[in-house]
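Asks: Build me a structure from this.
(chains A, B and C)
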Amino acid sequence: MITYISIIITAIFVNNIVFAQFLGICPFLGVSKKLSSAAGMGAAVTFVMALATCVTWLLQKYVLDVFGLGYMQTILFILVIAALVQMLEIILKKIAPALYSALGVFLPLITTNCAVLGVAILVTQKGLSLGESLVYAVATALGFTLALVLFAGIRERLALTEVPSPMRGIPIALICAGLLAMAFMGFAGISVG
Amino acid sequence: MNKLRIIYNGLVTENPTFVLLLGMCPTLGTTGSAITGLSMGLATSGVLVCSNAAISAIKNMVPDKVRIPAYIVVIATFVTLLQMFMQAYLPSLNESLGIFIPLIVVNCILLGRTEAYASRHSVIDSVFDGIGIGCGFTVALTLLGSIRELLGTGTVFGARIFPETYGSLVFVLAPGAFIALGFLIAIINHVRNRNKS
Amino acid sequence: MKKLPSTLTYMTVSLGVITIVAGALLAWVHEITAAPIAEAAQRKQVEAIRAVLPEFDNDPTSQKVTWTPMAGSEPFMIFPAYKGNTFAGAAVEGYSLNGFSGEVRIMYGFNAAGDITGYEVLSHAETPGLGAKMNEWFRTDMGRRSVIGKNPARTSMYVTKDPGGEIDAITAATISSRAFLSTLRECYDAFVYYKTEKTVSNE
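Replies: Numbering: from 1, shown residues only, chains lettered A, B, ... in the order given. Here you go, the predicted structure:
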């Protein structure tokens, strides 16, 4: 049990996927202008990451390792992720059309979200069990959502302030992200159990 | 289109990092030092040129509806080839670039470029576009890596410029990446605005 | 040549052909690079062993022995060194999961008496400028930093902050320093295990 708690705390705060590992930056900068779309994106990524990690973990163990096809990992994993995102698009269109249109072009972009592929590869590198991998994936996605939501809150405020012209848009956003990253560094060194 | 014009386009007008703002993950993650930035830029450029060429060559054989998965398989193949090559002949570089090598496959620049350019242009033009964009990316990464290494540890490519104690370690760490890139883009925006008026 | 229409047959065949060609190409290159990849990994280990040990003339890698720090965990590897028929020492590759940012993997060299003759940090994810300094810090002859030449049986390999500790920790990187020393202590245990139980006596 304590291992799971340790994994969760580490993935969300200590090794936050955005602020410490630099994965998932494109959607982080692209979808964080409004709080509602940020939260929606976070939920979508959590779903894809959890499912993708399970499927890729099983594929790695029962197909790639068994047949010695380790080098097919990149191709296989990314195809699985692409298929899952496609599925998610179809499902969302049916049951939550408002969210579907809010996310717009960023939904298919979950496929190229380095965080999803990154986590799938990381769990095989760390040698986690299926349960641990699932917990790690969900926790990482929660960390991603946390980063996204925090950032969206800040950017909504930023939109109302006067920013010098060269800084407008991405530059000032990046600097704020840097300050957030500095804040998250305060969690470093925390370990549970 | 004049071939040199294509390269200038990738390097300046449509610079993937500073203008198109694509491929941010490796831009922030591998620019802790000038040499890793340069290596990552070159690795990505290699994959980009090969993928552009391959996809341009097969563009008429791929039905529209499956083009995204098809392009992904092609790009992933070249990334895996790069991985194997680096594991065999450049193991220390492989270790310092770490997970960002397999992540080249989801670098928005690659899928974006193959979709926007290679699937509509000839093989030769696509190769030049790959070289141009690749150069733009490599220059951006090397520049950012040099700045971060210089401000953080006082060296550039390992050559000491000022003593380490004057360096601000934060630039080599995560927050510094965001901040350095933010200021760099701001400076470039400023220059571009001035050139326009 | 016009683009192929998006019928199910064309789609499946097209994607299928691309994947098969890709798979075949990768399998072929994999065959070619498998040997150099294994060699590169081996070379790193052999170089580390050579760097931490005094003179030897056997092949430590072929005589390696494993030792498990804790039931069910990944074993440490002991590479014994012999000069002629005499036991000259051993290089031990160990790890700790308690580094600041996860696993640190270090190879220590001990001579026959158990004195530390050298160490190489093989892999770590510690912070540059802080924990990452462990590769130089613990061999610098300043204050009580250096572990080179000291023997874990006589010197307490704990940071000075801990009770009885005799080694100076890296400034502002106590956690990394503790991980370094705990790996050292366990590697020494592995060394003692080898020396007492497994030394090949060639009398």
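
Asks: mind showing which ranges of chain B have poor pLDDT?
Replies: Under the criterion pLDDT under 70, the flagged ranges of chain B are B:1, B:197.

Asks: how about the strands of it, start to end?
Replies: With DSSP state E, the ranges of strands along chain B come out as B:155-156, B:159-160.

Asks: List the pairing partners of the last one within its sheet, with orientation.
Replies: According to DSSP bridges, strand B:159-160 has the following sheet partners: strand B:155-156 (antiparallel).

Asks: With residue B:39 as the reference, measure out to residue B:7.
Replies: According to C-beta to C-beta, to the nearest Å, residue B:7 stands 21 Å off from residue B:39. All C-beta spots, glycine's among them, are computed from the backbone N, C-alpha and C.

Asks: Who has more neighbours out of those two?
Replies: Set residue B:7 next to residue B:39 and count neighbours by other C-beta atoms under 10 Å in any protein chain shown: residue B:39 wins out with 23 against 19.

Asks: any idea which helix or strand carries the nearest residue to residue A:137 once chain neighbours are set aside?
Replies: Spatially, and ignoring its direct neighbours in sequence, residue A:137 is nearest to residue A:53 (3.8 Å; C-beta to C-beta, 6 or more residues apart in numbering or on different chains). Counting by DSSP states H and E, the element that carries residue A:53 is helix A:35-59.

Asks: which parts of that helix are buried?
Replies: Of the residues in helix A:35-59, A:35, A:37-42, A:44-57, A:59 count as buried by neighbour count, 16 or more other C-beta atoms under 10 Å in any protein chain shown.

Asks: try stretch A:73-93
Replies: A:73-82, A:84-85, A:88-89, A:92.

Asks: and what of stretch C:33-40?
Replies: For stretch C:33-40, by 16+ other C-beta under 10 Å, it's C:33, C:36-37, C:40.

Asks: Stretch A:123-141 now?
Replies: A:123-124, A:128, A:132-141.

Asks: could I get that stretch in PDB with only the CA atoms?
Replies: Below are the C-alpha coordinates for stretch A:123-141, written out as PDB (Å, rounded to 0.1, in the frame of the first residue of the first chain):
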ATOM      1  CA  VAL A 123       6.900   2.100 -16.900                       C
ATOM      2  CA  THR A 124       8.600  -0.500 -19.000                       C
ATOM      3  CA  GLN A 125      12.000   1.000 -18.200                       C
ATOM      4  CA  LYS A 126      11.300   1.200 -14.500                       C
ATOM      5  CA  GLY A 127      10.000  -2.400 -14.500                       C
ATOM      6  CA  LEU A 128       6.800  -1.700 -12.600                       C
ATOM      7  CA  SER A 129       4.100  -4.300 -12.200                       C
ATOM      8  CA  LEU A 130       0.700  -3.800 -13.900                       C
ATOM      9  CA  GLY A 131      -0.900  -2.400 -10.800                       C
ATOM     10  CA  GLU A 132       2.000  -0.100 -10.100                       C
ATOM     11  CA  SER A 133       2.000   1.100 -13.800                       C
ATOM     12  CA  LEU A 134      -1.700   1.900 -13.700                       C
ATOM     13  CA  VAL A 135      -1.300   3.900 -10.500                       C
ATOM     14  CA  TYR A 136       1.700   5.600 -11.900                       C
ATOM     15  CA  ALA A 137      -0.100   6.500 -15.100                       C
ATOM     16  CA  VAL A 138      -3.200   7.800 -13.300                       C
ATOM     17  CA  ALA A 139      -1.100   9.800 -10.800                       C
ATOM     18  CA  THR A 140       1.000  11.300 -13.600                       C
ATOM     19  CA  ALA A 141      -2.100  12.300 -15.500                       C
END
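
Asks: Give the burial count for the closest residue to chain C within chain A, as a bare number.
Replies: Nearest residue of chain A to chain C (C-beta to the nearest C-beta) works out as residue A:71 at 4.9 Å. Per other C-beta under 10 Å, the neighbour tally for residue A:71 reads 20.

Asks: Excluding covalently adjacent residues, which one is nearest to it?
Replies: Nearest residue to residue A:71, sequence neighbours excluded (C-beta to C-beta, 6+ apart): residue C:30, at 4.9 Å.

Asks: On the pLDDT front, check that neighbour for me.
Replies: Residue C:30 is assigned 88 on the pLDDT scale.

Asks: how far out from the middle of the chain is the helix or strand harbouring it?
Replies: Following DSSP H and E, one finds residue C:30 within helix C:8-52. Distance of helix C:8-52 from its chain centroid, counting by C-alpha atoms, centre = their mean, to the nearest Å, is 24 Å.

Asks: ok, and the closest non-adjacent residue to residue 41?
Replies: You didn't pick a chain, so chain A it is. Here the residue nearest residue A:41, using C-beta to C-beta, 6+ apart, is residue A:31, at 4.5 Å.

Asks: my bad, chain B
Replies: residue B:138 (2.9 Å).

Asks: next one: residue B:49
Replies: In space, residue B:49 is closest to residue B:130, 3.7 Å off (C-beta to C-beta, 6+ apart).

Asks: and what of residue A:30?
Replies: Closest to residue A:30 by C-beta to C-beta, 6+ apart is residue A:106, at 6.1 Å.

Asks: deepest of the strands of chain B, which one?
Replies: Of the strands of chain B, the one with the most neighbours on average (mean count of other C-beta atoms under 10 Å in any protein chain shown) is strand B:155-156, at a mean of 16.

Asks: Show residues contacting that strand.
Replies: By C-beta atoms under 8 Å, 6 or more residues apart in numbering or on different chains, the residues outside strand B:155-156 that reach it are B:34, B:146, B:149-150, B:161, B:164.

Asks: rerun at 10 Å
Replies: B:33-35, B:145-147, B:149-150, B:161-162, B:164, B:167 (C-beta atoms under 10 Å, 6 or more residues apart in numbering or on different chains).

Asks: before we move on, back to that, residues touching the residue nearest to residue B:41, list them.
Replies: Applying C-beta under 10 Å, 6+ apart, the residues near residue B:138 are B:11, B:17, B:37-45.

Asks: ChimeraX command for the buried members of those?
Replies: Remark: buried members of the contacts of residue B:138, expressed as a ChimeraX selection using 16+ other C-beta under 10 Å:
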select /B:11,17,37,38,39,40,41,42,43,44,45
